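**Student:** I would like the atomic coordinates for the input below:
(chains A, B, C and D)
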Protein chains: 2
Amino acid sequence: MERPPDLEGLRALALVAETGSLNAAAARLGVTQQAVSLRLRALETRLGVPLLVRSPRGSTLTSAGQLVSAWAGPLLAAAEEFTESVGSLREGRERTLRIAASLTIAEHLLPEWIARWRGAGAGPAVQLLAANSDNVIDTVRRGDAALGFIETPSVPADLKSLTIGRDELVVVAPPTHPWSRRKAVTVEELATTALVLREPGSGTRAAFEAALADAGAPLAAPPNAELSTTLGLRSTIAAGAAPGVLSSLAVQEDLRTRRLRRVRIRDLEIIRPLTAIWPAPRPAPAADDLLRSITTPTRRP
Amino acid sequence: MERPPDLEGLRALALVAETGSLNAAAARLGVTQQAVSLRLRALETRLGVPLLVRSPRGSTLTSAGQLVSAWAGPLLAAAEEFTESVGSLREGRERTLRIAASLTIAEHLLPEWIARWRGAGAGPAVQLLAANSDNVIDTVRRGDAALGFIETPSVPADLKSLTIGRDELVVVAPPTHPWSRRKAVTVEELATTALVLREPGSGTRAAFEAALADAGAPLAAPPNAELSTTLGLRSTIAAGAAPGVLSSLAVQEDLRTRRLRRVRIRDLEIIRPLTAIWPAPRPAPAADDLLRSITTPTRRP
DNA sequence: ACCCGGTTCCAAGCAATCCTTGGAACCGGA
DNA sequence: TCCGGTTCCAAGGATTGCTTGGAACCGGGT
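**Tutor:** Now for the predicted structure:
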């Protein structure tokens, strides 16, 4: 990525396609017509291809322009989604629904849940706080968050809870690793292989070790590496070091793009519940509303 | 999208997460450490949340930083993909494989094909030219492109051709439209309803009218609207005007996000072959290689 | 104890970019 | 012919972004 794509320019291009004139596009963007003209000209010279046919009666896209505009669609959508997700991090507003969540849930599930919920009615603003499960529990207990999401089965008795889904820990290997061509590995193999794991003390590590012990083969081999972030874990595994263990939520993208392959374990599934928690006796109205929205099955195909 | 996300800043954040220090990240980006420091500071003030914990022995991400970094992943990937796609538009290089393609194919299929092909070996650079089917044929015939992709069944006799896939024309309706809840509509209903269509003379329009006529119900109602770009078509349909007809390739995204719903036609499928064409007697080596890569079934799940 | 390599921040200045204002040409319909 | 619509060109100012130079902090090895 020499220089990153000019998102504003691409948005301007899309607006020109839609409105048929630089002027109208500029008005929508809240800038002058000249600014849009310059931006698009810059875009053209950068891509080395004319994108517009300009006339005294408006502008239309060349075929290259239509191509670029179409290709930019997913990019602009991703940008939109990103800003929306990130908006829930900003602090300091009144009348906000404060949510605390484990990192995995906050990364992969909450943005969509929040977007879907807020998409319907206006609803209150949402502030999101990410932490580990213990901190989430404390935050909710202190009342600093009206709602919490954790992925450990143990829920304190003084909090109400509701299971809203399940998370599976999976073994993944780089495509170059022999395991990526195996139909399944045994629990014993897993316990005696140097793996890439989360650090001791993390919920993921604890769940993995407990599952192995339950299956009669406690973890015996020292880890190949110990990382504290899913990002680092994924990179290390993908770099070809060794197979690793992490949440299925964190590797969906890698599996889709074939950067990593899933390795099944014979006769074993490691599943943790995803749990929503709130202070007794019952959730705040907004929190209750969000929960209802999450548990309503409006899922995608 | 008030101000677009700072892609360079997000990339810097990802690099800091990976390397553990502003300095190393700066080196990777080819700028000074101070530049990265400023950028990330700006990012933090814009998001209103601290992203890094800085220490004299390196920097690590806060949980909010990990969140932002994770959310930025798809965005950065989309940017990467966009620049890669757009790279094939630039002109004027020697030793390039010149390809001409219909707009639909160039928009939705070629970038992935080219990326997959070039991903393997270095291969020659690719220059892409988008036009309508007639122009594609002319361009290939004149030798201005070594390879062409069209979506009409009629292939001139002086060109060699190979069918590489199929494209279906589908009827879509906005979710508010009654048809979106119908299991199927009849050909007669379709022929007598004011639809949003491509302009007369386009391949899509011709194929649609021919299919209706073949089914015994030639198009009778005047269109609700006629647009010359798929983008305009999709917007018009989504705005709630009326159902419309276009290539299934162009609406995959809209169907996935539920912006549009597909409406089946009773006892009718409108299918056109996707055809690669090249000048006789046989394709240029590079073109042949690309074709082989396309037709090799390495498809995704 | 000391220095040295590593990390970070602050301040000043330069350079490039971006946007606005102001002016002009072009086309088509009233 | 005029007028509303479109576009481009040119100059000025404000902002942004990066670099250079200087300083503080930490930890490990000499």
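**Student:** only C-alpha atoms for contact and neighbour calcs from this point on.
**Tutor:** Fine.
**Student:** Against A:Val155, how distant is A:Asp138?
**Tutor:** In this structure, A:Asp138 and A:Val155 are 12 Å apart, going by CA to CA, to the nearest Å.
**Student:** from the stretch 51-200 of chain A, which residue is nearest to DNA strand D?
**Tutor:** When scored by CA to the nearest atom of the strand, the stretch 51-200 of chain A has A:Gly58 as its residue closest to DNA strand D, at 3.6 Å.
**Student:** Wait, that residue touches A:Ser21, no?
**Tutor:** Yes: counting by CA atoms under 8 Å, A:Gly58 touches A:Ser21, with 4.7 Å between them.
**Student:** between these two, which one's more packed in?
**Tutor:** A:Ser21 (20 against 15; other CA atoms under 10 Å in any protein chain shown).
**Student:** quick one, helices of the stretch 201-301 of chain A?
**Tutor:** A:203-214, A:230-238, A:248-256, A:285-295 (DSSP state H, counting those that start in this stretch).
**Student:** Tabulate these (a markdown table), appending mean neighbour count, mean pLDDT and distance to chain B.
**Tutor:** What follows is these, written out as a markdown table (neighbours: other CA atoms under 10 Å in any protein chain shown; pLDDT from 0 to 100; distance: least, CA to the nearest CA, whole Å):
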| stretch | mean neighbour count | mean pLDDT | distance to chain B |
| --- | --- | --- | --- |
| helix A:203-214 | 17 | 88 | 15 |
| helix A:230-238 | 20 | 85 | 7 |
| helix A:248-256 | 16 | 88 | 8 |
| helix A:285-295 | 16 | 77 | 17 |
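**Student:** that older thread, how about the contacts made by the residue of the stretch 51-200 of chain A closest to DNA strand D?
**Tutor:** Going by CA atoms under 8 Å, 6 or more residues apart in numbering or on different chains, A:Gly58 touches A:Gly20, A:Ser21, A:Leu22.
**Student:** Excluding chain neighbours, what is closest to A:His108?
**Tutor:** Leaving aside its sequence neighbours, A:His108 sits nearest to A:Leu249 (CA to CA, 6 or more residues apart in numbering or on different chains; 6.5 Å).
**Student:** residues contacting the one you found?
**Tutor:** By CA under 8 Å, 6+ apart, the contact list for A:Leu249 reads A:Thr104, A:His108, A:Asp167, A:Glu168.
**Student:** Which of those residues fall in strands?
**Tutor:** A:Asp167, A:Glu168 (DSSP state E).
**Student:** How much space separates A:Phe82 from B:Leu67?
**Tutor:** 11 Å.
**Student:** Now do stretch A:72-88: distance to the chain's middle.
**Tutor:** Here the centre of stretch A:72-88 is set off from its chain's centre by 12 Å, with CA atoms, centre = their mean, to the nearest Å.
**Student:** send the alpha carbons of it over as PDB?
**Tutor:** Output in PDB follows, covering the C-alpha atoms of stretch A:72-88 (Å, rounded to 0.1, in the frame of the first residue of the first chain):
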ATOM      1  CA  ALA A  72     -14.600   1.200  -4.300                       C
ATOM      2  CA  GLY A  73     -18.000   0.100  -3.100                       C
ATOM      3  CA  PRO A  74     -16.800  -2.600  -0.600                       C
ATOM      4  CA  LEU A  75     -14.000  -0.300   0.500                       C
ATOM      5  CA  LEU A  76     -16.300   2.500   1.300                       C
ATOM      6  CA  ALA A  77     -18.700   0.100   3.000                       C
ATOM      7  CA  ALA A  78     -15.900  -1.200   5.200                       C
ATOM      8  CA  ALA A  79     -14.900   2.400   6.100                       C
ATOM      9  CA  GLU A  80     -18.500   3.100   7.100                       C
ATOM     10  CA  GLU A  81     -18.700   0.000   9.200                       C
ATOM     11  CA  PHE A  82     -15.400   0.800  10.800                       C
ATOM     12  CA  THR A  83     -16.400   4.400  11.800                       C
ATOM     13  CA  GLU A  84     -19.700   3.000  13.100                       C
ATOM     14  CA  SER A  85     -18.000   0.400  15.300                       C
ATOM     15  CA  VAL A  86     -15.400   2.800  16.500                       C
ATOM     16  CA  GLY A  87     -18.000   5.400  17.400                       C
ATOM     17  CA  SER A  88     -19.000   3.300  20.400                       C
END
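**Student:** Only the buried residues of the helix or strand containing A:Glu188, if you could.
**Tutor:** A:Glu188 is part of helix A:187-191 when elements are defined by DSSP states H and E. Within helix A:187-191, the residues scored as buried using 16 or more other CA atoms under 10 Å in any protein chain shown are A:Val187, A:Glu188, A:Leu190, A:Ala191.
**Student:** cool, stretch A:176-184 as well?
**Tutor:** Quick answer for stretch A:176-184 (16+ other CA under 10 Å): A:Thr176, A:His177, A:Trp179, A:Ser180.
**Student:** so how far is the first residue of it from its last?
**Tutor:** In stretch A:176-184, first residue to last residue: 16 Å (CA to CA).
**Student:** now that stretch: mean pLDDT?
**Tutor:** Computed over stretch A:176-184, the mean pLDDT rounds to 88.
**Student:** Stretch A:63-78 too?
**Tutor:** Stretch A:63-78 comes out at a mean pLDDT of 91.
**Student:** same deal with stretch A:129-146?
**Tutor:** pLDDT averaged over stretch A:129-146 gives 84.
**Student:** For it, list every residue counted as buried.
**Tutor:** Quick answer for stretch A:129-146 (16+ other CA under 10 Å): A:129-133, A:135-137, A:139-141, A:145-146.
**Student:** Check stretch A:67-84 too.
**Tutor:** Using 16+ other CA under 10 Å as the test for burial, stretch A:67-84 gives A:67-76, A:78-84.
**Student:** okay if I get the helices of the stretch 201-301 of chain A as TSV plus distance to B:Glu44?
**Tutor:** Shown next, in TSV, are the helices of the stretch 201-301 of chain A (distance: least, CA to CA, whole Å):
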stretch	distance to B:Glu44
helix A:203-214	28
helix A:230-238	20
helix A:248-256	25
helix A:285-295	28
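**Student:** Format those as CSV; extra columns: distance to DNA strand C.
**Tutor:** Output for these, formatted as CSV (distance: least, CA to the nearest atom of the strand, whole Å):
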stretch, distance to DNA strand C
helix A:203-214, 28
helix A:230-238, 17
helix A:248-256, 26
helix A:285-295, 36
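**Student:** just to revisit the earlier point, now do the helix holding A:Glu188: everything it contacts.
**Tutor:** A:Leu212, A:Ala215, A:Ala217, A:Pro218, A:Leu219, A:Ala220, A:Ala221, A:Ile265, A:Arg266, A:Leu268.
**Student:** Among those, which one sits closest to DNA strand C?
**Tutor:** A:Ala221 (31.9 Å).
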